[in-house]
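1. pasting the sequence and the predicted model now:
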Amino acid sequence: MKKLLAVLACAVFLAGCSPAPKRYNAVYTDVFDTVTEFTAYCSSQEEFDGMSERVHGELLRLHEIFDIYNEYPGIVNACSLNGAGGAETEVPDDLIELINMGIDWHKKTGGQLNIALGSVLSLWHECRENGTLPDENELLKRAGHCDIEKIAVTENSVTLTDPGMSLDFGAIAKGYAVGRAAEILKENGLEDFAISCGGNVVTSGKKPYGKWEIGIENPDGGLITTVSVSDEAVVTSGDYQRFVMIDGKRYHHIIDPKTLYPAEKWRSVTVICPDSALADALSTSLFCLDLEDGMKLLEDCKAEAMWVSQDGEVTKTPGFEDHEK
Amino acid sequence: MRPSRKIALSGLLTALCFVLSYLEFLLPAGGFSLPGVKLGLANICVLFAMYKLGPEYAAGINSARIALSWLFFGSFTAMVYSFSGAALSFLAEYLLIKTKKFTPVGVSAFGGVMHNFGQIIAAAAFLGPGAFGYLPALVVWGALAGGLNGAILAALMKKVRI
Amino acid sequence: MSKKLRNDLILIALLIIPAVLALALGALRKPGRACQITVGGEIFAEADLKTDALIDVDGLLKVRIEDGKARVLDPVCKNKLCSAHPPISASGETIICAPGGVVVKILGQGPDFTQ
């Protein structure tokens, strides 16, 4: 009897020592031109703050490296590369990795994902800011500087052999970045967390009473569905995320490399995949591909997807449905 | 007991009831924001009347007490809450007494629960279903406070000769 | 123990046990996403718990959202029970100002993120 009491006392004492993890939240607004949310279950505010610093730090670091609009003292980044006028430029490893990934995906998607589309994209960016449509001739001219073969990559340098070319990583940078941030957190022992960077969500572990829940917006308002994920990334590309109305027509930010105009095949595509960078690449690619070609692409990766057509029709892979409640 | 004596006693009990509920109102309430988390001391009088004078007198005392509170403190909604709780608990206590299977402790405990339940129903009518969130806490409190009141009542009934 | 008293205790147990269970389950509640404020049963406002805010509810009281919790400030009512209530944050929790007719309720789990 005494022994039992002693054991119970110890159990109570120990239980009191390890408090149940609580949910903490942090928001960053200074990376990738969007709102980033970091949510994690930690045993203390201090632990969370430490993790949050790591996440923010990594996202900031990669944001600066992949930034094509600004240069930063002390580092050579995408903006520097684009402005190098064709000279061989030594760049950070992450940029090399991202570029190689972009080249790889260009092949896989038959050209539908093109990181060399920068000159066309910057024209569209300008036009969206001014609310005007781009000049057709200018578009075509710039399209001539989007040949991905004109990127020469070595172990630590990149050369844009076409000086009129510029790179734009909008299709894959966020996915890559949150994926790296997640890796760092896991290396530091954090198990249950999620990072959402403007529509790129990466999750690890789960919440005390279930998996992470990601709501997918209906382009016309409300939610189409909610998916439950654990250790997976969810990325949605949609025509409702960044767009501008010109003469009553919507012009969104995902430009089809073939037409040089905003892709019109789908209203939104959602991809679920264990790899965050992959999920990002897939969602942008699938947004510009037919259903069949998209499905083929998915087969090779371990990914699931949902497409919403222009008339609101929803198509899902069976694996995607498994994630829905 | 002669009717005139009963009536006199009712008057006394009504006044006592009224004073007790005013006293409770003065006590600080911690943590709950729904009226009804009180000790329910006034209920001791009403239940006492039910045992010694009969249900009609108890009902009369209860109604008079509520009307007085309304007159003196002026809140219509508070009156409705009170009435709702009182009506439900009155019915519950009456039925329980009739079964003759419970002591005042159980009767008062059940009455306390039903009183709070009645108040929540009134709250829901005014404020929407959010009021039901308080149900578990008020059930526990109602039962405990009611049980305590019942014990006090049982002790009193042994000592007081009326 | 008399038979009647035993009945009493059984009755009280039957009443209290489910209620205590409900309260215990409530303590395990999931954190809420948003705070819904109704006046007289009709929705007055809804606010995300993640964004700090101070909401004036029709002059009846104020709702302060801070650190993912909601609490009531400056109520016009006499008993001030609502402002004495500790801040709420779990889905289903409520603070009610009965005289003012205001219910502040934490809405249950929506998705963690929306895209």
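-> Alright, I've got the coordinates.

2. any idea of the pLDDT on A:C301?
-> On pLDDT, A:C301 comes in at 85.

3. that one contacts A:L278, doesn't it?
-> Yes - using Cβ atoms under 8 Å, A:C301 makes contact with A:L278 at a distance of 5.6 Å. Placement of C-beta: from N, CA and C, glycine included.

4. for the chain, what's the longest helix?
-> Using chain A here. helix A:45-66 (DSSP state H).

5. sorry, I should have been clearer: chain C.
-> Chain C, longest helix under DSSP H: helix C:3-27.

6. from the chain's centroid, how far away is it?
-> Relative to the centre of its chain, helix C:3-27 is centred 23 Å away, using Cα atoms, centre = their mean, to the nearest Å.

7. other SSEs contacting that helix?
-> With contacts taken as 3 or more Cβ pairs under 8 Å, 6 or more residues apart in numbering or on different chains; DSSP states H and E, helix C:3-27 sits against helix B:104-127, helix B:135-159.

8. so what's residue 52 closest to, chain neighbours aside?
-> The chain I'm using is chain A. Leaving aside its sequence neighbours, A:S52 sits nearest to A:A26 (Cβ to Cβ, 6 or more residues apart in numbering or on different chains; 4.4 Å).

9. um, chain C though
-> Closest to C:D52 by Cβ to Cβ, 6+ apart is C:E66, at 5.2 Å.

10. dihedrals phi and psi, that neighbour?
-> phi -150, psi 130 (degrees, to the nearest 10).

11. what's the burial count for it?
-> By other Cβ atoms under 10 Å in any protein chain shown, 13 other residues sit near C:E66.

12. so it sits right up against C:T51, yeah?
-> No - the pair C:E66 and C:T51 does not pass the contact test of Cβ under 8 Å, sitting 9.9 Å apart.

13. report the central residue of chain C.
-> C:T94 (1.1 Å; Cα atoms, centre = their mean).

14. what residues are bridge-paired with that one?
-> C:K105 (DSSP bridges).

15. please parse chain A into its domains.
-> A:20-68+A:169-210, A:78-160, A:212-325 (automatic domain parsing).

16. please identify which of those is closest to C:L23.
-> C:L23 lies closest, by Cβ to Cβ, to one member of those: domain A:20-68+A:169-210, at 17.6 Å.

17. in chain C, what residue is nearest chain B?
-> C:D8 (3.0 Å; Cβ to the nearest Cβ).

18. give me the nearest residue to that residue, chain neighbours excluded.
-> Spatially, and ignoring its direct neighbours in sequence, C:D8 is nearest to B:G106 (3.0 Å; Cβ to Cβ, 6+ apart).

19. tell me the contacts of that neighbour?
-> B:G106 makes contact with B:L96, B:G147, B:G150, C:K4, C:L5, C:N7, C:D8, C:L9, C:L11, C:I12, according to Cβ atoms under 8 Å, 6 or more residues apart in numbering or on different chains.

20. and A:G199, by the same measure?
-> A:T34, A:K174, A:V235, A:T236, A:S237, A:G238, A:Q241, C:Q115.

21. what are the boundaries of the strands in chain C?
-> Using DSSP state E, the strands found in chain C span residues C:34-39, C:42-48, C:53-57, C:61-66, C:69-73, C:94-97, C:102-107, C:113-114.

22. any regions of the stretch 201-325 of chain A where pLDDT drops low?
-> Scanning the stretch 201-325 of chain A for pLDDT under 70 picks out the ranges A:325.

23. can you name the residue of it nearest chain B?
-> Closest point on the stretch 201-325 of chain A to chain B, by Cβ to the nearest Cβ, is A:Y209, at 19.5 Å.

24. wait, isn't A:M51 in contact with A:D192?
-> No - using Cβ under 8 Å, A:M51 makes no contact with A:D192, being 11.0 Å away.

25. higher neighbour count, those two?
-> Comparing A:M51 with A:D192 by other Cβ under 10 Å, the one with more neighbours is A:M51, at 22 against 18.

26. what's the more buried one in contact with, if anything?
-> Taking Cβ under 8 Å, 6+ apart as the test, what A:M51 contacts is A:F38, A:A40, A:C42, A:L185, A:N188, A:L190, A:F193.

27. again, 6 Å this time
-> A:A40, A:L185, A:L190 (Cβ atoms under 6 Å, 6 or more residues apart in numbering or on different chains).

28. skipping adjacent residues, who's closest to it in space?
-> Closest to A:M51 by Cβ to Cβ, 6+ apart is A:L190, at 5.3 Å.

29. again with A:P262
-> A:H252 (4.8 Å).

30. neighbours of the one you found, how many?
-> Neighbour number of A:H252 under other Cβ under 10 Å is 20.

31. tell me which residues touch it, please.
-> A:D239, A:F243, A:P262.

32. what do you get for A:L123?
-> Counted by Cβ under 6 Å, 6+ apart, A:L123 has contacts A:P134, A:R142.

33. what do you get for A:H323?
-> A:V227, A:S228, A:I272.

34. most centrally placed residue in chain B?
-> Central residue of chain B (Cα atoms, centre = their mean): B:N43, at 3.5 Å.

35. for that one, helix, strand, or coil?
-> helix (DSSP: H, G, I helix; E, B strand; the rest coil).

36. any regions of chain C where pLDDT drops low?
-> In chain C (pLDDT under 70), the answer is C:27-30, C:109.

37. at 80 what do you get?
-> C:1, C:24-33, C:41, C:50, C:78-79, C:108-110 (pLDDT under 80).

38. domains in it, by residue range?
-> If you go by automatic domain parsing, chain C breaks into C:1-30, C:34-107.

39. that older thread, how near is the residue of chain C closest to chain B to chain A?
-> 32 Å (Cβ to the nearest Cβ, to the nearest Å).

40. which residue does chain A bring closest to chain C?
-> For chain A, Cβ to the nearest Cβ, closest residue to chain C: A:G215, 3.4 Å.

41. stretch B:115-127 and chain C in contact?
-> Yes - applying Cβ under 6 Å from any Cβ of the partner chain, one finds stretch B:115-127 touching chain C at B:F126, B:L127.

42. what's in contact with that stretch?
-> B:36, B:80-81, B:84-85, B:88-89, B:131, B:135, B:138, B:142, C:41, C:101, C:103.

43. pull out the buried residues from stretch A:122-131.
-> A:S122, A:L123, A:W124, A:H125, A:C127, A:R128 (16 or more other Cβ atoms under 10 Å in any protein chain shown).

44. one more: stretch A:67-77?
-> A:D67, A:I68, A:E71, A:V76, A:N77.

45. who touches the fourth one in this structure?
-> Spelled out, that is A:V76. A:V91.

46. buried subset of the contacts of stretch B:115-127?
-> B:36, B:80-81, B:84-85, B:88-89, B:131, B:135, B:138, B:142, C:101, C:103.

47. looking at those, which one is closest to A:G102?
-> Distances from A:G102 to those, taken by Cβ to Cβ, are shortest for C:V103, at 53.3 Å.
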